[in-house]
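Chemist: model this:
(one chain, ligands or ions: 1)
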Amino acid sequence: MQTIFSGIQPSGIPTIGNYIGAMKQFVALQEDYNSYYCIVDEHAITMPQDRLKLREQIKSLAALYLAIGLDPEKSIIFIQSEVSAHAEAAWIVQCNTSLGELERMTQFKDKSLKNKRAGVSAGLLTYPPLMVADIILYQTDLVPVGDDQKQHLELTRDFVERFNNKYSSGQPILTLPEVKIPEEGGRIMSLQEPTKKMSKSDKNAKSFISMLDEPSIIRKKFKSAVTDSSGIIEYDPINKPGISNLLVIFSAFSGQSIDSLVTMYTGKGYGEFKDELATAVIAVMEPIQQRHAELLKSDELDLILDQGAESARKVANKTLQKMKNAVGLGRKS
Ligand code: AQP
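Modeler: Numbering: from 1, shown residues only. A predicted model of the protein is given here:
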């Protein structure tokens, strides 16, 4: 059976962008793959975080993983910082990656530009090598992610090829992973600035729908989503990014194609469209929210995370040892 790895940062409450781009795929894929789903808390601290809030968000994200339908019998669910091999492997990756490669990463350029480059943490630059480590430790075949992670996956593939060429004599040490981006919904845009990606850490809460937003808030946020003055519901991401983004979201939550939605809403106004879009999103989110609240109150969650970390450690440590042997660290074992 092939292996899947993916993770989400607990840098806020996941948005419907994280859900459509990544999490929704996780549930379907766990049926056919050996699956590892991680709460990547070490990635979250590349940006400043409040420690108590971070702790809360880690548990909340773990509960969301289960609430969307991940089954601990089928998937290994764990917290990155509880498997120390991630940070150790990341160091070996960093020492085999050039500064130029990291400085070219668009996510680093975007985030460092927004936060004045000299003041950002070095971790923001070395975030991609940590992500490479996350993936390679499980000998991952497939990584389901949103469109913004494509460049990091290319870096991962380059690293694996370079590492295998340099250090293996015969059998490759590391598996070369493939990326899996959804055909539709790989980049959900902000509700307020539809040319910008929807992000859970956006300062403007009206720009995203969080997976834990109450139904009345979801309805309100869609109502105030930026569209255009034409009033015609059609899919044209270049000229009408706002309504096009809402069509992608509607399609992801209703299971109907964009074309059929456009036909259904011909001659109808944005107000009615937005209201029915909110109803479709609420119908999916409400049961997830109820299950999430129950899980947070139960002891089940800690047990699943303890078992997940233990299972992940076994596999990760094996690969880490192979990497250490390959580069000549410590004594051969
Ligand atoms: N807007 C999006 N549309 C589709 N997919 C998205 N993803 C993120 N935003 C969108 C996908 O969600 C997964 C988890 O992302 P992450 O938490 O690791 O970090 P991110 O990509 O930086 O997501 P955010 O929401 O923008 O977080 P912050 O604000 O903390 O930077 C990934 O698979 C990602 O592609």
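Chemist: for the closest residue to the ligand within the stretch 1-150 of the chain, what are its contacts?
Modeler: Residue of the stretch 1-150 of the chain nearest the ligand, by Cβ to the nearest ligand atom: Gly21 (2.0 Å). Heads up, the C-betas are built off the backbone N, CA and C, glycines and all. Taking Cβ atoms under 8 Å, 6 or more residues apart in numbering, we find Gly21 in contact with 145-147, 181-182, 185-188.
Chemist: tell me what the host helix or strand of Leu246 is packed against?
Modeler: Taking DSSP states H and E as the criterion, Leu246 maps to helix 241-254. Helix 241-254 sits against helix 258-264, helix 270-297, with contacts defined as 3 or more Cβ pairs under 8 Å, 6 or more residues apart in numbering; DSSP states H and E.
Chemist: mind doing that once more with 10 Å?
Modeler: helix 16-18, helix 215-223, helix 258-264, helix 270-297 (3 or more Cβ pairs under 10 Å, 6 or more residues apart in numbering; DSSP states H and E).
Chemist: of all the ones you listed, which lies closest to the ligand?
Modeler: helix 16-18 (2.8 Å).
Chemist: so that closest one, near the ligand or not?
Modeler: Yes - using Cβ under 6 Å from any ligand atom, helix 16-18 reaches the ligand at 17-18.
Chemist: any idea of the mean pLDDT in stretch 287-295?
Modeler: The pLDDT scores in stretch 287-295 average 97.
Chemist: and the helix or strand in which Lys24 is found, anywhere near the ligand?
Modeler: Using DSSP H and E, the secondary-structure element containing Lys24 is helix 24-29. No - counting by Cβ under 6 Å from any ligand atom, no contacts exist between helix 24-29 and the ligand, the nearest distance being 8.9 Å.
Chemist: in that helix, what's buried?
Modeler: Buried residues in helix 24-29, defined by neighbour count with 16 or more other Cβ atoms under 10 Å: 24-27, 29.
Chemist: now those in a markdown table, with pLDDT and distance to Pro48?
Modeler: Putting these into a markdown table (pLDDT from 0 to 100; distance: Cβ to Cβ, whole Å) gives the following:
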| residue | pLDDT | distance to Pro48 |
| --- | --- | --- |
| Lys24 | 94 | 30 |
| Gln25 | 93 | 30 |
| Phe26 | 96 | 28 |
| Val27 | 95 | 32 |
| Leu29 | 96 | 33 |
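Chemist: I'd like those residues as CSV, with distance to Ile258 appended.
Modeler: Compiled in CSV, the buried residues of helix 24-29 are given as follows (distance: Cβ to Cβ, whole Å):
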residue, distance to Ile258
Lys24, 16
Gln25, 18
Phe26, 23
Val27, 22
Leu29, 23
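Chemist: nearest to Thr227, of those residues?
Modeler: Distance to Thr227 across the buried residues of helix 24-29 (Cβ to Cβ) is lowest for Lys24, with 24.4 Å.
Chemist: and for Lys109, the neighbour number?
Modeler: Burial measure for Lys109: 12 neighbouring residues, criterion other Cβ atoms under 10 Å.
Chemist: thinking again about what came up before, helix, strand or coil for the residue of the stretch 1-150 of the chain closest to the ligand?
Modeler: Put simply, Gly21 is helix when judged by DSSP: H, G, I helix; E, B strand; the rest coil.
Chemist: mind pulling up the pLDDT for it?
Modeler: 95.
Chemist: then Asn115?
Modeler: Reported pLDDT for Asn115: 67.
Chemist: give me whichever of the helices and strands packed on helix 241-254 is most buried.
Modeler: helix 16-18 (a mean of 25; mean count of other Cβ atoms under 10 Å).
Chemist: for Ile232, what are its contacts?
Modeler: Residues near Ile232 by Cβ atoms under 10 Å, 6 or more residues apart in numbering: 240, 243, 262, 265-270.
Chemist: equivalent analysis for Ile238, please.
Modeler: Applying Cβ under 10 Å, 6+ apart, the residues near Ile238 are 195, 244.
Chemist: cool, Lys223 as well?
Modeler: 191, 270-271, 274-275, 277-278.
Chemist: Tyr167 now?
Modeler: Contacts of Tyr167 (Cβ under 10 Å, 6+ apart): 96, 173-174, 322-323, 325-328.
Chemist: buried ones only from these, please, as a PyMOL command.
Modeler: To isolate the buried ones among the contacts of Tyr167 in PyMOL, judged by 16+ other Cβ under 10 Å, type:
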select buried, resi 96+173+174+323+326
